[in-house]
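Chemist: quick one, structure for this:
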Amino acid sequence: MIDIKFLRENPEVVKENIKKKFQDSKLPLVDEVIELDQQRRAIQQEADALKAEKNVISKQIGALMGQGKKEEAEEVKKQVAQNAQKLAELDAKQAELEEKVTNIMMIIPNIIDPSVPIGKDDSENVEVQKYGEPVVPDFEIPYHTEIMEKFNGIDLEAARRVAGNGFYYLMGDIARLHSAVISYARDFMINRGFTYCVPPFMIRSNVVTGVMSFAEMDAMMYKIEGEDLYLIGTSEHSMIGKFIDQIVKEEELPYTLTSYSPCFRKEKGAHGLEERGVYRIHQFEKQEMIVVCKPEESPMWFDKLWQNTVDLFRSLDIPVRTLECCSGDLADLKVKSVDVEAWSPRQKKYFEVGSCSNLGDAQARRLKIRVDGENGKYLAHTLNNTVVAPPRMLIAFLENNLQADGSVRIPEALRPYMGGMTEIR
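Modeler: Just a heads-up that it's a prediction; the model follows:
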C-alpha cells in the first residue's frame, strides 16, 4: 500500500504505474480516493475547530458559574451539547470516509522499481542469468511420481481417499529425502547468519490483509470456520506478522530470519500434466527467509536473498536460472521480484522453485511496523524469499540426480542428512 500523501501529491505518477501493470480498470480509483481524502480532511478540520471551540466554551461556563450567572451558563451548556452532537456526526462520517479511503488504497498497486521490465504477464519475464550447465541425459527421465513409485516413495491413491486430490503420502527413502532437504536448507541459512524460527501456522485476518492483497487472499487462503484465523499459505506471512504494531530500534536492524512451516493453499483451477503429482498441491512444507531492514538497505538484501537460493540449489548439483519478473507479473504489494527456476531434464526447460520479493514499505505501512531512528520514526522495508519447497525441489532433485540404472545419486552436501547414503536404490 502506497502513502496517501504520495498519491495526493503525485497522482499522475500513480496512474502511470497502474498503466505499467496493465490494470487500467483501476485508473479511476486514483481520482476517487483523492476526492474522498479531500472530504475526509475537510471534516477533520471542522471537527478540530469544534473541539477547539469546546475548550473555549468550557472555560466560559466555569467563569459564568463563578460569577453566579447560572442561566447564562446553562445556555452555553446547550451550545456545548449541540456541538457534541455535531462532533459525533462528524466523527462517524470521518470513520466512514477513512474506511473507504483505506479499502481503495489497499487495491491500488505499489510503485514498482524503475528497473522492473514492462510486460503483461509471466511470458514476458526476463532471464537474468543461468547457473550450472543444464544436461539432458541419454536415457529417458520418467515423470517424477513414477520415479518416486519405483522406490515405493509416494501413495497418491491413499491420499485421495483420505483428503482428496492435491495431497500425498511420502514414504521410505523419498520421505527421508524430503526431510533431509528441509534440514539441510535450515542449516544452510543458519550458516549464513539467519535466525531459525518456527512460526504459528495460523494467523488472524488483520495479519492476512497486512501482508497480501485481497485477490491473493481469496485465491490462496483457507479460513478456519467460526474463528478469526487462516491457515498460512507461506510462512513469510506469519513471520512478517511477528512485527505487527511494533516500533523497532534502528540499531537492531536488520532482522534476518529463516523459518520452517507447513503451507496450505487452495490452488484453484485445473492444471496441466506437468502441474500434477506434487508440483501444485494443497499442503506442503517449506523453508523460508525474511528480512526487515532500513529502506536504503533493501536493494542489497534483495540480491542477497535470491543468491542464497541459487547457491543452495547449486550445492545440490541442480542447474538453475534467475528471471526478473515483469510489471504485469508482480503482485500489487511488490516493488521488485526475481524467480529462481530449476532445470528439468525431462521437460528440457526450467520451472519455478522459488520467488524473491522486495515489498518496500507496503507491508510495514499496513501492519504499522515502524523504526525508531535518530532522526525520528519511519517505516521499515520487508523482503522474503523461498529457501526451498521440497515438493517442487524433489522434482528437480530426482530428475537431475537420476542415474541410468534407476538409482538416485545423493550429492555430498546432503549425505550427512541421509545417514551417509550416497544413493537411493
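Chemist: need the three-state assignment for Val14.
Modeler: helix (DSSP: H, G, I helix; E, B strand; the rest coil).
Chemist: switch to numbering from 302
Modeler: New numbering, starting at 302: the last item is Val315.
Chemist: list the contacts for it?
Modeler: 303, 307-308, 331, 409, 412 (C-beta atoms under 8 Å, 6 or more residues apart in numbering). Every C-beta, even on glycine, is put in place using the N, C-alpha and C of the backbone.
Chemist: and what of Ile582?
Modeler: So Ile582 contacts 467-469, 566, 568, 692 (C-beta under 8 Å, 6+ apart).
Chemist: mind checking how far it is from Gly467?
Modeler: To Gly467, Ile582 is 5 Å away according to C-beta to C-beta, to the nearest Å.
Chemist: name the residues contacting each of the two.
Modeler: Glu568.
Chemist: where exactly do the strands run in the stretch 552-701 of the chain?
Modeler: Secondary structure of the stretch 552-701 of the chain (DSSP state E, counting those that start in this stretch): strands at 556-565, 584-594, 621-625, 637-645, 650-659, 671-674, 677-680, 682-689.
Chemist: downstream neighbour of the top helix by length along the chain in the secondary structure list?
Modeler: The helix spanning the most residues in the chain, taking DSSP state H as the definition, is helix 328-367. Counting by DSSP states H and E, the element after helix 328-367 in chain order, helix or strand, is helix 371-406.
Chemist: and that next one, which residues are buried?
Modeler: Within helix 371-406, the residues scored as buried using 16 or more other C-beta atoms under 10 Å are 374, 377, 384, 388, 391, 395, 398, 401-402, 405-406.
Chemist: quickly list what the closest residue to Met449 other than its chain neighbours is bridged to.
Modeler: Once flanking residues are discounted, Met449 sits nearest to Ile455: 3.9 Å by C-beta to C-beta, 6 or more residues apart in numbering. In this entry, Ile455 is beta-bridged to Leu471, by DSSP bridges.
Chemist: test my guess that Ile455 contacts Glu447.
Modeler: No: between Ile455 and Glu447 there is no contact under C-beta atoms under 8 Å: 9.5 Å.
Chemist: out of those two, which sits in the busier spot?
Modeler: Ile455 (25 against 12; other C-beta atoms under 10 Å).
Chemist: how much space between that one and Tyr470?
Modeler: Going from Ile455 to Tyr470 by C-beta to C-beta gives 7 Å.
Chemist: now swap in Ala697 and tell me
Modeler: 21 Å.
Chemist: the two: which is more packed in?
Modeler: Neighbour count, other C-beta under 10 Å: between Ala697 and Tyr470, Ala697 has more, with 24 against 15.
Chemist: need the contact list for the more buried one.
Modeler: Counted by C-beta under 8 Å, 6+ apart, Ala697 has contacts 614, 619, 643-645, 652, 654.
Chemist: repeat for Glu434
Modeler: Glu434 sits next to Pro620 when contact means C-beta under 8 Å, 6+ apart.
Chemist: follow-up on the earlier one: please narrow the contacts of Val315 to those residing in helices.
Modeler: 307-308, 331.
Chemist: nearest to Thr559 among these?
Modeler: Phe307 (32.5 Å; C-beta to C-beta).
Chemist: where is pLDDT lowest across the contacts of Ile582?
Modeler: Minimum pLDDT across those is recorded for Glu568, with 78.
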